[in-house]
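Enquirer: predicted model and sequence below, questions to follow.
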Amino acid sequence: MRHYINPVADYIFTAFAGVDNCDYCDSFTHVNEWNRPDGGFVLVCNNCEYKKRFPEIRA
């Protein structure tokens, strides 16, 4: 098992999570919830999704 999380391969989009603080930049804005392979989740704003190269949302 790898000991790191790769946002491009490992994160799975869950849903729009409303307005909260982004886990990366701490901005209070609209965020999406992403599941991690270890069972946790992160709240990420659109700007950080783009900068951190999160996977494209699959419909």
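Expert: Yep, it's here. Numbers count the residues shown, from 1 in each chain.
Enquirer: now the residue nearest to residue 35 when sequence neighbours are not counted: how far from residue 34?
Expert: Closest residue in space to residue 35, ignoring its immediate chain neighbours: residue 12 at 4.6 Å, by Cβ to Cβ, 6 or more residues apart in numbering. Every residue, glycine included, has its C-beta placed from N, CA and C. Going from residue 12 to residue 34 by Cβ to Cβ, to the nearest Å gives 7 Å.
Enquirer: so for these two, which sits in the more crowded spot?
Expert: Applying other Cβ atoms under 10 Å to residue 12 and residue 34 shows that residue 34 carries more neighbours, namely 23 against 12.
Enquirer: and the more buried one, what does it touch?
Expert: Applying Cβ atoms under 8 Å, 6 or more residues apart in numbering, we find residue 34 in contact with 7, 11, 12, 13, 14, 41, 42, 43, 44, 54.
Enquirer: in which helix or strand would I find it?
Expert: For residue 34, the element it lies in under DSSP states H and E is strand 28-35.
Enquirer: check which element follows that strand along the chain.
Expert: strand 41-45.
Enquirer: and the angle for that next one with strand 28-35?
Expert: 140 degrees (axes from the mean of the first three to the mean of the last three Cα atoms, to 10 degrees).
Enquirer: direction included, what does strand 41-45 pair against?
Expert: strand 28-35 (antiparallel) (DSSP bridges).
Enquirer: what residues of the partner strand count as buried?
Expert: 31, 32, 33, 34 (16 or more other Cβ atoms under 10 Å).
Enquirer: pLDDT at the closest residue to the first one other than its chain neighbours, what is it?
Expert: I take that to be residue 31. Once flanking residues are discounted, residue 31 sits nearest to residue 43: 4.2 Å by Cβ to Cβ, 6+ apart. As predicted, residue 43 sits at a pLDDT of 94.
Enquirer: isn't residue 43 right up against residue 32?
Expert: Yes: using Cβ atoms under 8 Å, residue 43 is in contact with residue 32, at 7.3 Å.
Enquirer: overlap in contacts, the two.
Expert: Joint contacts of residue 43 and residue 32 (Cβ under 8 Å, 6+ apart) are residue 17.
Enquirer: mind listing what the longest strand along the chain pairs with, with the direction of each?
Expert: Ranked by residue count, the top strand of the chain under DSSP state E comes out as strand 12-21. Strand 12-21 has the following sheet partners, assigned by DSSP bridges: strand 28-35 (antiparallel).
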